[in-house]
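Trainee: Whatever this is, show me its structure:
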Amino acid sequence: MENIIKTFYTALNNCDGPTMASCYHDAIVFEDPAFGVLKGERAKAMWLMLCDSQNETSFNVEFSNISTNDNSGSAHWEAHYTFSKTGRKVHNKIDAKFEFKDGLIIKHTDEFDLHKWAKQALGIKGIFFGGMRFFKNKLQSQTNYMLDNYIKKAV
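Mentor: I've put the predicted structure just below:
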């Protein structure tokens, strides 16, 4: 199972969404502070969208502390990129938890400090609002709207 995590993050670093999606079980459940809960094809499409948006930019991923057994695993990963809406540099530190089924990832939960991310990505607005529940709700609404549009265009 360690290899599937390494393949997943190597593909992310290479902005290779199709390889990332191939690491996910069809019944995948993904969750993070920016998107909330995504299931199945929506979770796969989220990585395709993110890779497409970061392709040919200064996007970089480092991963470490991979720990696995037959059923579950964890990893730490860090993303370095420029947030497109503001042009601000972001260094996001994420802890991931995984569950496996049939040799694939069936559950993936990413945890990171949303307030810290908002400060980096949005500057003063992120400092003031990034730690508030309404900010998280608005962000998830916006990211899911973008994902919906991405999926519609891909069909």
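
Trainee: now for the longest helix seen in the chain, which elements pack on it?
Mentor: Across the chain, the longest stretch assigned as helix under DSSP state H is helix 133-154. Using 3 or more C-beta pairs under 8 Å, 6 or more residues apart in numbering; DSSP states H and E as the contact definition, the elements that helix 133-154 packs against are strand 36-39, helix 41-54, helix 114-122. For glycine as for every other residue, the C-beta is placed from the backbone atoms N, C-alpha and C.

Trainee: As a markdown table, those with mean neighbour count would be great.
Mentor: Converted to a markdown table, these look like this (neighbours: other C-beta atoms under 10 Å):
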| stretch | mean neighbour count |
| --- | --- |
| strand 36-39 | 15 |
| helix 41-54 | 19 |
| helix 114-122 | 20 |
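
Trainee: can you list these in JSON lines and add mean pLDDT?
Mentor: Conversion of the helices and strands packed on helix 133-154 to JSON lines gives the following (pLDDT from 0 to 100):
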{"stretch": "strand 36-39", "mean pLDDT": "98"}
{"stretch": "helix 41-54", "mean pLDDT": "94"}
{"stretch": "helix 114-122", "mean pLDDT": "96"}
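
Trainee: and of those, who's closest to residue 92?
Mentor: Using C-beta to C-beta as the measure, helix 114-122 is the one of the helices and strands packed on helix 133-154 that comes nearest residue 92, at 5.4 Å.

Trainee: distance between that closest one and the chain's centre?
Mentor: On the basis of C-alpha atoms, centre = their mean, to the nearest Å, helix 114-122 is displaced by 15 Å from the centre of the chain it belongs to.

Trainee: Name the residues of the following helix or strand past it that come out as buried.
Mentor: Sequence-wise, the next helix or strand beyond helix 114-122 is helix 124-129, with elements assigned using DSSP states H and E. If you call a residue buried by 16 or more other C-beta atoms under 10 Å, then helix 124-129 has these buried ones: 126, 129.
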